[in-house]
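# Got a predicted structure here, sequence first:
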Amino acid sequence: MALLCCLAIFCLALPQSSHSAVIMSMRNHHNTHHHSSGPMIHTNQTTCAMFAGTWVQDDSYPMYQSSECPLIIDPEFNCQMYGRPDSEYLKYRWRPLNCELPRFNGVEFLLKMKGKTVMFVGDSLGRNQWESLVCLIYSAAPQTQTQMVKGDPLSTFSFLDYGVTLQYYRAPYLVDNDMMEGKRVLRLEDIYENSQAWRSADVLSFNTGHWWSHTGGLQGWDYMESGGKYYKDMDRLAALEKGMRTWANWVDKYIDTTRTRVFFLSISPTHYNPNEWNGGATPTTTKNCYGETSPMTVSGVVYPGTTYPDQMRVMDSVIREMRNPPFLLDITMLSELRKDGHPSIYSGDLSPGQRANPARSADCSHWCLPGLPDTWNQLFYTTLLF
């Protein structure tokens, strides 16, 4: 079985061995890696480095087809429906260094999580993961009664026969962002309004990141408020740290970890710069992920720009100081290899004119479904239930 991956520790390239290589996570959670003669599953990450490993081809993937949950997948993620011509990107499985992850079992998830509520909180990458989880479970139990309500900020999918509820709460900054005199005000030290919806969940998975660096028309606020003062702008990493500390203080104060599991999804990388994977050679397709059909196979990874590593350093610093830190789903580097997994121009959110101009319009931020978020959920499932 061919291995397609990249050898990288942090952002340093190491020599490649034959046709296989290994990728390490950005942050070293593991002091040592013990190799075993047989597969193991350990979710405490002491003997199983879940986030360090290889992408291997596996013809038993994907775990579902987009046609099995057409009303669930948003048009912007439904690449097959919107004309993506290739399908090899669907046939990769994440294999950790010294263990095998259990294959996702939707019925087992329903049985073990009976009567529970799982909520994803964050930006559209959180929605990407929420829709993936719904599809993974629904495709395994298509006869069960379900109910779906999509709204803003809260969307809910319920498996009524099991009492299992999967929710997505849109909060790109986690902290509150409200209107004042017609202006959007990002409250860096206030999370009360958003957090009222989170308290009753049995499992919470948070993410944030991309929106903190947006400028111009993509910027989601007009003013930032901190300490009673209003700012047209401030250092974005300083703002992120303030917001993250507000969130962390809320988790430490209000979440009872004996009844609620808390996760945090690390930064999901983008692929707008081909220099990250072509070794500086002139791109043969366009200026982004358009036309990419396989994972990175170069001998090293250059992490995208400086924004996301800096953001992860801030997040790591805040999380490490928490009394009750969340479990970090460290998907950044394993996702960085998947330049082939984005919607590109095969998104229902694009007009025909936009699709004709991939250099300008390709979506290299979100992920196709089925696709990479299914692996995020396989790691989530393993950590949650094993």
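Yep, that arrived.
# Any regions of the stretch 251-386 of the chain where pLDDT drops low?
Counting by pLDDT under 70, the stretch 251-386 of the chain contains low-confidence ranges at 279-286, 298-307.
# ranges for the strands of it?
Along the stretch 251-386 of the chain, the segments classed as strands by DSSP state E, counting those that start in this stretch run 261-265, 327-329.
# just checking, what packs against the last one?
Read it as strand 327-329. Strand 327-329 is packed against strand 261-265, helix 372-385, with contacts defined by 3 or more C-beta pairs under 8 Å, 6 or more residues apart in numbering; DSSP states H and E. Where you see a C-beta, it was placed from the backbone N, CA and C, and this is true even at glycine.
# a markdown table please, covering these and showing distance to P326 and mean neighbour count.
Output for the helices and strands packed on strand 327-329, formatted as a markdown table (distance: least, C-beta to C-beta, whole Å; neighbours: other C-beta atoms under 10 Å):
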| stretch | distance to P326 | mean neighbour count |
| --- | --- | --- |
| strand 261-265 | 4 | 21 |
| helix 372-385 | 11 | 22 |
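# Out of those, the one nearest T146 is which?
helix 372-385 (17.6 Å; C-beta to C-beta).
# quick check: angle from the closest one to strand 261-265?
150 degrees (axes from the mean of the first three to the mean of the last three C-alpha atoms, to 10 degrees).
# Give me the contact list for stretch 349-363.
75-76, 286-291, 342-347 (C-beta atoms under 8 Å, 6 or more residues apart in numbering).
# just how off-centre is that stretch within its chain?
23 Å (C-alpha atoms, centre = their mean, to the nearest Å).
# Ok, which of the strands of the stretch 251-386 of the chain comes nearest R95?
Across these, R95 has its closest neighbour in strand 327-329 (17.0 Å, C-beta to C-beta).
# Compare the contacts of stretch 349-363 and tell me which is most surrounded.
When neighbours are counted by other C-beta atoms under 10 Å, H342 leads the contacts of stretch 349-363 with 28 neighbours.
# what's the closest of the helices and strands packed on strand 327-329 to A141?
helix 372-385 (14.6 Å).
# So which elements touch the closest one?
The contact analysis (3+ C-beta pairs under 8 Å, 6+ apart) places helix 372-385 against strand 92-96, helix 106-112, helix 124-140, strand 261-265, strand 327-329, helix 332-336.
# Mind putting the ones you listed into a markdown table with distance to D59?
A markdown table is the format used below for these (distance: least, C-beta to C-beta, whole Å):
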| stretch | distance to D59 |
| --- | --- |
| strand 92-96 | 10 |
| helix 106-112 | 20 |
| helix 124-140 | 17 |
| strand 261-265 | 28 |
| strand 327-329 | 26 |
| helix 332-336 | 20 |
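# Among these, single out whichever gets nearest to R184.
Each of these was scored for nearness to R184 using C-beta to C-beta, and the closest is helix 124-140 (17.5 Å).
# Can you name the element that comes right after the closest one?
strand 146-149 (DSSP states H and E).
# Could you tell me which strands sit next to that following strand in the sheet, and their orientation?
Sheet partners assigned to strand 146-149 using DSSP bridges are listed as strand 154-159 (antiparallel).
# Please list the residues outside the partner strand that contact it.
For strand 154-159, contacts defined as C-beta under 8 Å, 6+ apart pick out 72, 110, 127, 130, 134, 137-138, 141, 144-149, 164-170, 197.
# how about stretch 138-145: buried residues?
Residues of stretch 138-145 classed as buried: Y138, S139, A140, A141, T144 (neighbour count, 16 or more other C-beta atoms under 10 Å).
# The fourth one is in contact with G106, isn't it?
Yes - counting by C-beta atoms under 8 Å, G106 is a contact partner of A141 at 5.7 Å.
# Check which residues of stretch 289-298 are buried.
Neighbour count says stretch 289-298 has C289, Y290, G291, E292, S294, P295, M296, V298 buried, by 16+ other C-beta under 10 Å.
# I'd like to know which of the helices and strands packed on strand 327-329 is closest to E100.
For E100, the closest of the helices and strands packed on strand 327-329 is helix 372-385, at 10.2 Å, according to C-beta to C-beta.
# Now do that closest one against strand 92-96, angle only.
Using the same axes, to 10 degrees: helix 372-385 against strand 92-96 is 40 degrees.
# Run through who's touching stretch 171-189.
By C-beta under 8 Å, 6+ apart, the list of residues contacting stretch 171-189 reads 121-124, 153, 190-194, 206, 208, 210-212, 220-227, 230, 239, 242-244, 246-247.
# and these, which are buried?
Taking 16+ other C-beta under 10 Å as the criterion, what is buried in the contacts of stretch 171-189 is 121-124, 190-191, 194, 206, 208, 210-212, 221-222, 224-226, 239, 242-244, 246-247.
# Please list the members of those residues that lie in helices.
S124, N194, A239, K242, G243, M244, T246, W247 (DSSP state H).
# got a list of what the second one touches?
What it means is N194. V121, P153, Y169, A171, L174, V175, D176.
# before we move on, back to that, got the strands of the stretch 251-386 of the chain as TSV, with distance to W94 columns?
Below are the strands of the stretch 251-386 of the chain laid out as TSV (distance: least, C-beta to C-beta, whole Å):
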stretch	distance to W94
strand 261-265	15
strand 327-329	12
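# Relative to N275, which of these is closest?
strand 261-265 (26.0 Å).
# hmm, back to that, looking at the strands of the stretch 251-386 of the chain, which is closest to P102?
The nearest among these, by C-beta to C-beta, is strand 327-329 at 15.9 Å.
# Just want to check the distance between the residue nearest to K287 when sequence neighbours are not counted and A171.
Spatial nearest neighbour of K287, excluding adjacent residues (C-beta to C-beta, 6 or more residues apart in numbering): A359 at 5.1 Å. From A359 across to A171, the span is 32 Å (C-beta to C-beta, to the nearest Å).
# ok, the two, which is more surrounded?
Between A359 and A171, counted using other C-beta under 10 Å, the more crowded position is A171 (25 against 11).
# Starting from T208, give me the distance back to that one.
In this view, A171 and T208 are 8 Å apart by C-beta to C-beta.
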